[in-house]
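Q: Take this sequence and fold it.
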Amino acid sequence: MIKINISEEQKEKIEKIIWNDAITASTGILKELNKNRSAQFWNDSDKFHKLYNLLYGDNGKVREDELKKLLLSSKREMKKYIDMIGEFQEKEGEDLLEKIFKFDNFSKRKAAYKVLRIIDIAVCPYCNREYIMTIKSGKVKAQLDHYYPKKKYPYLALSIFNLVPCCSICNTAKSNLDTVKDPILYPYEDEFGYDISFDIKTKDGNKDYVKIIEGISDEFEIVIKNFSKDKKAEADRQIKRLHLGDLYNEHKSYVKDLLRNRYINTPKRIEEILNTFPKLFNSGEELKNTLYMSDIKKENWHMRPLAKLTYDIDQSDSE
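A: Okay, the predicted model is just below:
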């Protein structure tokens, strides 16, 4: 839903942390690969052979250059690895996660917390509903979803751009969805933006919200309209898989407050407040952020829960 924007400077810092962790941590992947180079499971199937040949040279030593590429790969590059190696069965994936690609260990190390602090996204990018801040001590942090599920593609379990900071509700709902076969929006590249929007649908179909504003009627629903041309199927799948329609309809009281706020603070009233407090606000948008207790500027939607919904309701037409 909301894009995770990472600058080149942030990306360089993240890549440095990930690679340093991989080669120095006591349960880092380099040590695990060195420990398990002669493990029996490498002979189990063609997929294991392909993975072994990717990670080890003819002399049996770890190919650190290839390991680094794997850990820092983009979505496009991850898809190439998937096309080359393939999908593992659940038991096979669990074995690799236990012995080589130890995500559970990584998620508890300082490197994971440092990366989350650098990414600095305050709200779940999948739903834009829940705060997911990671505090400095690291004792509270976002959950990390694997865009490509780790049991099917365990060799991507530590690839940093396969890890999506998110809330527990979305992580649970997405679960082991195979996004190779059934892709949803990839937060490091995709977003709802302006092509997918929230709207209010009343029982009689009109846009007269007075009864809602006055608290007389609850006969409306929050709908998600998808006008996307390039990613319509992915967005629809995400909406359905993560139950976004149902979840957003739990926020009707919030929408009522938004409608009342907009009804009271007409364009004329907004102008009056700006003229009364010229030093407090640089624009009507800044003032609305205060009135709505949100941030309706697109590049800041990732900082406040329901910011995308707030923007869409503010922009919607009413009679």
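Q: okay, CA-based contacts and neighbour counts for the rest of this
A: OK.
Q: pLDDT of the helix or strand where residue 165 lies, averaged?
A: Residue 165 is part of strand 163-166 when elements are defined by DSSP states H and E. Model confidence over strand 163-166 averages 98 on the pLDDT scale.
Q: distance between the helix or strand following it and the chain's centre?
A: Using DSSP H and E, the next helix or strand after strand 163-166 towards the C-terminus is helix 168-174. Centroid displacement of helix 168-174 relative to its chain, using Cα atoms, centre = their mean, to the nearest Å, is 11 Å.
Q: now for helix 168-174, which elements pack on it?
A: With contacts defined as 3 or more Cα pairs under 8 Å, 6 or more residues apart in numbering; DSSP states H and E, helix 168-174 has these neighbours: strand 143-146.
Q: which other residues reach stretch 219-234?
A: When contacts are taken as Cα atoms under 8 Å, 6 or more residues apart in numbering, the neighbours of stretch 219-234 outside the stretch itself are 182-185, 195-203, 235-236, 245, 248-249, 252.
Q: Ok, stretch 105-125 next?
A: Outside stretch 105-125, the residues within contact range by Cα under 8 Å, 6+ apart are 1-4, 6, 10, 13-14, 17-18, 21, 27-28, 129-136, 138, 141-142, 144, 158, 165-167, 187, 302-305.
Q: got it, and stretch 300-315?
A: Stretch 300-315 has contacts (Cα under 8 Å, 6+ apart) with 2-4, 121-125, 128-131, 197-200, 255, 258-259, 262, 292, 294-298.
Q: Would you mark the buried spots in it?
A: By 16 or more other Cα atoms under 10 Å, the buried positions in stretch 300-315 come out as 301-314.
Q: Now the terminal residues of it, how far apart.
A: Criterion Cα to Cα, to the nearest Å; first-to-last residue distance in stretch 300-315 is 16 Å.
Q: What average pLDDT does it get?
A: For stretch 300-315, the mean confidence score works out to 95.
Q: sorry, back to before: in the sheet, which strands lie alongside the strand holding residue 165, parallel or antiparallel?
A: Partner strands for strand 163-166, per DSSP bridges, with pairing direction: strand 143-146 (antiparallel).
Q: chain center to the strand it pairs with, what's the gap?
A: Here the centre of strand 143-146 is set off from its chain's centre by 8 Å, with Cα atoms, centre = their mean.
Q: Pull the residues that contact that strand.
A: Strand 143-146 is contacted by residues 107, 132, 157, 162-168, 171 when judged by Cα under 8 Å, 6+ apart.
Q: What about residue 49, how many residues nearby?
A: Counted with other Cα atoms under 10 Å, the burial measure for residue 49 works out to 15 neighbours.
Q: Okay, buried residues for the host helix or strand of it please.
A: With the criterion set as DSSP H and E, the secondary-structure element containing residue 49 is helix 46-55. Residues of helix 46-55 classed as buried: 47-48, 51-52, 54-55 (neighbour count, 16+ other Cα under 10 Å).
Q: got it, and stretch 100-114?
A: Of all the residues in stretch 100-114, those buried under the rule 16+ other Cα under 10 Å are 100-103, 106, 109, 111-114.
Q: For the helix holding residue 49, C-alpha coordinates in CSV please.
A: Coordinates of each C-alpha in helix 46-55 appear next as CSV, following Å, rounded to 0.1, in the frame of the first residue of the first chain:
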residue,chain,number,x,y,z
ASP,A,46,19.0,-31.0,-8.1
LYS,A,47,17.9,-27.9,-6.2
PHE,A,48,20.5,-28.5,-3.5
HIS,A,49,23.2,-29.1,-6.1
LYS,A,50,22.3,-25.8,-7.8
LEU,A,51,22.4,-23.9,-4.5
TYR,A,52,25.7,-25.6,-3.6
ASN,A,53,27.3,-24.6,-6.9
LEU,A,54,26.1,-21.0,-6.4
LEU,A,55,27.6,-20.8,-2.9
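Q: After it, which helix or strand is next? Please name it.
A: Under the assignment DSSP H and E, the closest C-terminal helix or strand after helix 46-55 is helix 64-71.
Q: Just the angle for that next one relative to helix 46-55, thanks.
A: Computed by axes from the mean of the first three to the mean of the last three Cα atoms, to 10 degrees, the angle separating helix 64-71 from helix 46-55 equals 120 degrees.
Q: Output the contacting helices and strands for helix 64-71.
A: The contact analysis (3+ Cα pairs under 8 Å, 6+ apart) places helix 64-71 against helix 8-24, helix 46-55.
Q: Touching the shortest one from outside, list them.
A: Meaning helix 46-55. 41-43, 62-64, 66-67, 84-88, 155.
Q: could you flag which of those residues are buried?
A: Among the contacts of helix 46-55, those that count as buried by neighbour count (16+ other Cα under 10 Å) are 42, 62-63, 67, 85-88, 155.
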